[in-house]
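**Student:** Sequence below, structure please.
(chains A and B)
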Amino acid sequence: GQNIDQPTEMTATEGAIVQINCTYQTSGFNGLFWYQQHAGEAPTFLSYNVLDGLEEKGRFSSFLSRSKGYSYLLLKELQMKDSASYLCAATSGTYKYIFGTGTRLKVLA
Amino acid sequence: EPEVTQTPSHQVTQMGQEVILRCVPISNHLYFYWYRQILGQKVEFLVSFYNNEISEKSEIFDDQFSVERPDGSNFTLKIRSTKLEDSAMYFCASRTDSLYGYTFGSGTRLTVV
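**Tutor:** Sure thing, here's the model as predicted:
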């Protein structure tokens, strides 16, 4: 089957670092993507991994271990505007996304 | 920055009516997708479209659904006879040939009453 697991909610403080974990089981895996979604809005692309290792993109980094079916998104120097849902998505087949339920991140002052 | 445009932003329809949701993907993109998100739930894949035909569809995408690219710029999703459970946010997305992330449109909120 196809399954993506990520925590439902996380809370962190402004200026801190937070790591959002994601585990996946999908057939025909192509890559792992992270999206940010504010309530009532479209997902916006943050980062992706096809090969094992860390991809860094400004304040956001994403890590993938294909053998473990595991990824994480690291957010540094948290800002209030980072309060949002973070969606983990594995791609397979025609690069369709299998999304997790999303992790709702609250950033506190 | 190029955008995927969806219209309308909100649509309220009576159960059993047909609706057409419209999308204008980014002009040099080749692959097109529809996803939906029922309130409070995860984003779900409906259908992918490439080279003027469906390349993959989910079990949600039954005979009540169809997609079309009528004129080389618009990409539409039609629901023939809407049900209450079709109420959701529908997102269109497109991408180029590379494995870079999609661009999603801002969505159409469909409410079936």
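
**Student:** Distance check, residue B:7 against residue A:10.
**Tutor:** Per Cβ to Cβ, to the nearest Å, residue B:7 is found 35 Å from residue A:10. Just so you know, the C-beta spots here come from the backbone N, C-alpha and C atoms, and that holds for glycine as well.

**Student:** Looking at whichever residue of chain A sits closest to chain B now. What's its pLDDT?
**Tutor:** Residue nearest to chain B within chain A: residue A:45 (3.3 Å; Cβ to the nearest Cβ). Predicted confidence (pLDDT) for residue A:45: 91.

**Student:** where in chain A is pLDDT low?
**Tutor:** Across chain A, the ranges flagged by pLDDT under 70 are A:1.

**Student:** contacting residues for the most centrally placed residue in chain B?
**Tutor:** Nearest to the geometric centre of chain B sits residue B:34, at 3.3 Å (Cα atoms, centre = their mean). Going by Cβ atoms under 8 Å, 6 or more residues apart in numbering or on different chains, residue B:34 touches B:21, B:23, B:46, B:47, B:67, B:77, B:90, B:91, B:92, B:93.

**Student:** So which of those residues would count as near chain A as well?
**Tutor:** Among those, the ones lying near chain A by Cβ under 8 Å from any Cβ of the partner chain are residue B:91.

**Student:** Go through the contacts of residue B:34 and name the one nearest residue A:85.
**Tutor:** Top of the list for closeness to residue A:85, among those and by Cβ to Cβ, is residue B:91 at 14.0 Å.

**Student:** coming back round to it: tell me which of residue B:7 and residue A:10 has more neighbours.
**Tutor:** Neighbour count, other Cβ atoms under 10 Å in any protein chain shown: between residue B:7 and residue A:10, residue A:10 has more, with 17 against 14.

**Student:** Count the residues that sit near the residue in chain B positioned nearest to chain A.
**Tutor:** Going by Cβ to the nearest Cβ, chain A is nearest to residue B:101 of chain B, at 3.3 Å. Residue B:101 is flanked by 21 other residues according to other Cβ under 10 Å.

**Student:** go on, residue A:30?
**Tutor:** Around residue A:30 there are 16 residues (other Cβ under 10 Å).

**Student:** Contact partners for the residue lying closest to it once chain neighbours are set aside?
**Tutor:** Spatial nearest neighbour of residue A:30, excluding adjacent residues (Cβ to Cβ, 6 or more residues apart in numbering or on different chains): residue A:91 at 4.3 Å. Residues in contact with residue A:91 (Cβ under 8 Å, 6+ apart) are A:29, A:30, A:31, A:32, A:33, A:97, A:98, B:99.
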